[in-house]
Structures are given as C-alpha cells and as structure tokens.
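Asker: Quick one: sequence and predicted model below, then my questions.
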Amino acid sequence: MSVIVKDLVKIFGEQRAVDSISFEAKKGEVLGFLGPNGAGKSTTMRMIGGFIPPNTGEISVCGINVLEDSLSSRAKIGYLPESNPLYYDMYVKEYLHFVASIHKIKQKKAKIDAVIEMTGLGREQSKLVGTLSKGYKQRVGLAQAMIHDPEVLILDEPTSGLDPNQLAEIRTLIKRLGEEKIVIFSTHIMQEVEALCDRVVIINKGQLVENSNLSDLHSKHQQGGLLQLQTRNNLNTELIDDFDGVQLIEDLGMNKYKLAFTGKSDLRGAFMQHLQTNEVQVLEYAPKEVPMEQIFQKLTRS
C-alpha cells in the first residue's frame, strides 16, 4: 500500500506551479510535505486527491492510477483541505451523517460516534458547525476525512487554529493513524515535523529540494554544528588548536566543554577519534543537531 508520485507537472497559465516532482509515501509512515507559501504543496495534494488533473506525470494511490480511475482512488483517500469547506448551517452530527451517506457507509451511527470520540467533538456534536471556534471546525474537517476509514489521509495544515491542548491531542491522533495508514500532511510548524514525521519531502517554487527520512535529513545537513563533551581530566586546548575547524566556545567547568564546528562537513566523529588517539577519556558526548527550521530555511531561501 503506497502513494506514488512520478514526474508530476502542473501549469497555470505561464506559471509552472509543480515542476516534475517525484516521491513515494508508504503505509505505516507519516510523510511531512513541506514548503513555503506558494511552493505548490496544496496543488500537489489536490492532484493526488483527484480534484485537479496534472498536465503530465503519474499518480498511483494504493495501486490505482488516479488519472485512469479517479473515483476508485478517491474512495481510498480522506482529504482535509487547507480551506476546510464546511456546511455552517448543519449540526456537527448531522453534517457527519451527511458525509457518511455520501460514502455509502453501513452502520453510520457507529462510525460517526467513533470519529466524534477520536477527534474530541463529543461536547460540540449538537452545535451548528458555523458557531464553532476555528479549532473545532478543524476537528470537524478531520472527522469527515476519517469517517470512511480511508487507507490514505491527506491533511493540509490540519492543526491550524488549534490551541496547545488541542494540538497535543490531534498530534497524538495523527501519529497513531500513521501506524496503520499512509498519512501525508503539510505544516509550517517545524516542531510538528520533528514530533510526527518519519519522512520529509520539501518543495520550493514547485521543485523537489529534499526527500529523505528525518534522521538522514539531519545527518545530511549537519554541517558544522555544536558538541558538548565531558572528559576525565582537563582538556588540553592545544588538542583543539591542532584540529582545524573546531573552536572552544565555552569552558563549562567540571571538565565540561562546549565546542563549535565551523567546517563544511560534520567533523565531530573525526574529532572524537583525534581525542582518542591522544588518550583523552571522554565521559559524555552530546551532539547538537541542526534545528529543522534552519534546514528548511537553507533549502527554501532563494
């Protein structure tokens, strides 16, 4: 079970909104689909969902070619668009019953009750959708995307408008759903990427600029960085001076030191070997990863 995007292109007038991007999302992983505003994220998600056609390229959802059989592929997808269109004059439970009827779901009541509980809409289920806060409207949108138990969830900024408590609940839900489904979601909150994603795809100006799992992403962009270590005895600063690209930032006391690496590659492993060769006993080694925000900015700034 997977979603496969191959050489996807979408052109609006003279603008190449999506420019030959390819990636794959698999069952059991949460794929973070990232990019600055106007990068082509929502357009790509709409094409995967079968709502707009690409100019060229291929899309496969659970083995179904989206361009050849859009209806069957859509039955496999739960989609929460960024705009989250809802019927404001319907009650929450009434709206979910309406969506369940469209999907021809059997045992509607059980399904509706299940998604209401999962999304925390119990206290709001008898209210008009239009009277809900933005956060609860977002929950209703998430509930409608999940109601037919799809194999693929496409969520375009699903946590927009949620308060901190709601954020924690929905993040936990998305993480749990990602264990048994394919989840593709976009966000501008990099902490969410760190907390939820197994894999990251980043696009900029319609072009793919990164496609890797989260750990590889950090390793790939760990150019320079920081290191905190503790030694058994005082560290001879000449050992630092002898190693090009490393400088002592701070002596923290108690044989603890904070070092900075200024080279164009990750020198931490080589430096540790350098200390070992000089018989320096390292008691603590705490590498500091480049924050996700810095990686994102590096890849998407012109």
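Answerer: Good, I have the coordinates.
Asker: Do a quick rundown of the helices in the stretch 151-300 of the chain.
Answerer: In the stretch 151-300 of the chain, helices defined by DSSP state H, counting those that start in this stretch lie at 164-177, 190-196, 214-220, 237-241, 268-277, 292-300, listed in chain order.
Asker: what ranges of the protein fall below the confidence cut-off?
Answerer: 222-226, 262-266, 283-289, 302 (pLDDT under 70).
Asker: Out of the helices of the stretch 151-300 of the chain, flag the one nearest residue 38.
Answerer: Residue 38 lies closest, by CB to CB, to one member of those: helix 292-300, at 10.8 Å. Quick note: C-beta positions are derived from backbone N, CA and C, even for glycine.
Asker: Return the set of buried residues in that closest one.
Answerer: Within helix 292-300, the residues that count as buried by 16 or more other CB atoms under 10 Å are 292, 295-296, 299-300.
Asker: that older thread, as JSON lines, the helices of the stretch 151-300 of the chain with distance to residue 38 would be great.
Answerer: Below are the helices of the stretch 151-300 of the chain laid out as JSON lines (distance: least, CB to CB, whole Å):
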{"stretch": "helix 164-177", "distance to residue 38": "25"}
{"stretch": "helix 190-196", "distance to residue 38": "18"}
{"stretch": "helix 214-220", "distance to residue 38": "23"}
{"stretch": "helix 237-241", "distance to residue 38": "45"}
{"stretch": "helix 268-277", "distance to residue 38": "37"}
{"stretch": "helix 292-300", "distance to residue 38": "11"}
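Asker: To residue 203, which of the ones you listed lies closest?
Answerer: Nearest of those to residue 203, taken as CB to CB: helix 292-300 at 8.6 Å.
Asker: which helices and strands sit right next to that closest one?
Answerer: Contacts defined by 3 or more CB pairs under 8 Å, 6 or more residues apart in numbering; DSSP states H and E place helix 292-300 against helix 190-196, strand 199-204, strand 207-213.
Asker: what sits up against that helix?
Answerer: 34-36, 39, 190-191, 193-194, 202, 204, 209-210, 217-218, 221 (CB atoms under 8 Å, 6 or more residues apart in numbering).
Asker: buried subset of those residues?
Answerer: Buried among those by 16+ other CB under 10 Å: 34-36, 39, 190, 193-194, 202, 204, 209-210, 217-218, 221.
Asker: how about the strands in the protein?
Answerer: 2-12, 15-26, 30-34, 56-61, 64-65, 77-80, 152-156, 182-186, 199-204, 207-213, 225-231, 246-253, 256-261, 282-288 (DSSP state E).
Asker: Adding distance to residue 267 as columns, could you present those in TSV?
Answerer: Below are these laid out as TSV (distance: least, CB to CB, whole Å):
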stretch	distance to residue 267
strand 2-12	36
strand 15-26	31
strand 30-34	28
strand 56-61	41
strand 64-65	48
strand 77-80	43
strand 152-156	39
strand 182-186	34
strand 199-204	25
strand 207-213	21
strand 225-231	9
strand 246-253	7
strand 256-261	5
strand 282-288	11
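Asker: For residue 90, find the nearest of the ones you listed.
Answerer: strand 77-80 (17.4 Å).
Asker: Off-centre distance for the closest one?
Answerer: 16 Å (CA atoms, centre = their mean, to the nearest Å).
Asker: that older thread, farthest pair within the buried ones among the contacts of helix 292-300?
Answerer: Using CB to CB, those span at most 21.3 Å, a distance reached by 39 and 218.
Asker: Identify the residue spatially nearest to residue 101, adjacent ones excluded.
Answerer: Counting by CB to CB, 6 or more residues apart in numbering, residue 108 is the residue found nearest to residue 101 once chain neighbours are left out, at 7.1 Å.
Asker: need the contact list for residue 231.
Answerer: Contacts of residue 231 (CB under 8 Å, 6+ apart): 255, 257, 275, 280-283.
Asker: Which strand residues bridge it?
Answerer: Beta-bridge partners recorded for residue 231 (DSSP bridges): residue 282.
Asker: Now do the domain split for the chain, please.
Answerer: 2-219, 222-300 (automatic domain parsing).
Asker: could you dump the buried residues of helix 292-300 to TSV with distance to residue 18?
Answerer: Below are these laid out as TSV (distance: CB to CB, whole Å):
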residue	distance to residue 18
292	23
295	22
296	19
299	17
300	15
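Asker: Sort out which one of the residues you listed lies nearest residue 237 for me.
Answerer: Closest to residue 237, out of all of the buried residues of helix 292-300 and judged by CB to CB, is residue 295, at 31.4 Å.
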